[in-house]
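Q: Test case, fold it:
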Amino acid sequence: MILVSACLLGHKVKYSGGANTHELLLKYNERGRFIAVCPECFAMLPCPRPAMEIQGGTGKKVLAGKARAMDENGMDTTQYLLTGADKVLKIAEAYNAKVAILKEGSPSCGVKKIHSGNFDGKKVKGQGVTTALLQKHGITVYSEKDMTVGRLEELIAEDAKRDRI
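A: As a prediction, the model looks like this:
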């Protein structure tokens, strides 16, 4: 199975209460190889909720206890991101998932970039907490921006092949 950020599959779990529907992923969801995940929802955060950003580093630093996540109201949300990441990892392990496609820019799911931590709209190089944890455990994580028909066909074929072994 392939983990996919629930917001990319049309679930209204984005911090603003909306979705980040990705039409190509939605189309391929019909093949039954995706598991929708949302670390923030798994951590019992409400929808909508205040925006969160990692301050003082990236997801890797949060995992190491060297950075924190805060919401726009000044509430420390670090433990929520850690809890959500841990739950996604447990799902990955339960389904023997080797691949995830996650939402770029998110403090949980960002793959190549996350917000700066200053609530200024700028992004910096780095991963979100869930992405960092999945990668630490050998799971390959892609951004939705990496997805093409060819890439999805390849990922789904590899996933189906693993099931037959």
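Q: State the pLDDT value of I165.
A: Per-residue confidence for I165 comes out at a pLDDT of 62.
Q: Contacts only, for K98.
A: G138, I139, T140, D159, R162 (C-beta atoms under 8 Å, 6 or more residues apart in numbering). Quick note: C-beta positions are derived from backbone N, CA and C, even for glycine.
Q: and those residues as JSON lines, adding secondary structure and distance to F119?
A: Output for these, formatted as JSON lines (DSSP: H, G, I helix; E, B strand; the rest coil; distance: C-beta to C-beta, whole Å):
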{"residue": "G138", "secondary structure": "coil", "distance to F119": "33"}
{"residue": "I139", "secondary structure": "coil", "distance to F119": "29"}
{"residue": "T140", "secondary structure": "strand", "distance to F119": "31"}
{"residue": "D159", "secondary structure": "helix", "distance to F119": "37"}
{"residue": "R162", "secondary structure": "helix", "distance to F119": "41"}
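Q: Buried ones among these?
A: Burial by neighbour count, 16 or more other C-beta atoms under 10 Å: within these this picks out I139, D159.
Q: and the two most separated of the contacts of K98?
A: Longest distance between any two of those is 15.1 Å, between G138 and D159; criterion C-beta to C-beta.
Q: Flag every buried residue along stretch 74-85.
A: Buried residues in stretch 74-85, counting neighbours by 16+ other C-beta under 10 Å, are found at T77, T78, Y80, L81, L82, T83, G84, A85.
Q: What would that stretch look like as PDB? C-alpha coordinates only.
A: C-alpha atoms of stretch 74-85 as PDB (Å, rounded to 0.1, in the frame of the first residue of the first chain):
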ATOM      1  CA  GLY A  74       1.600  30.900  20.100                       C
ATOM      2  CA  MET A  75       0.500  27.500  21.300                       C
ATOM      3  CA  ASP A  76       3.300  24.800  21.300                       C
ATOM      4  CA  THR A  77       2.000  22.000  18.900                       C
ATOM      5  CA  THR A  78       5.200  20.000  18.900                       C
ATOM      6  CA  GLN A  79       3.700  17.000  20.600                       C
ATOM      7  CA  TYR A  80       0.800  16.900  18.200                       C
ATOM      8  CA  LEU A  81       3.100  16.700  15.300                       C
ATOM      9  CA  LEU A  82       5.100  13.900  17.000                       C
ATOM     10  CA  THR A  83       2.000  12.000  17.900                       C
ATOM     11  CA  GLY A  84       0.600  12.200  14.400                       C
ATOM     12  CA  ALA A  85       3.900  11.200  12.800                       C
END
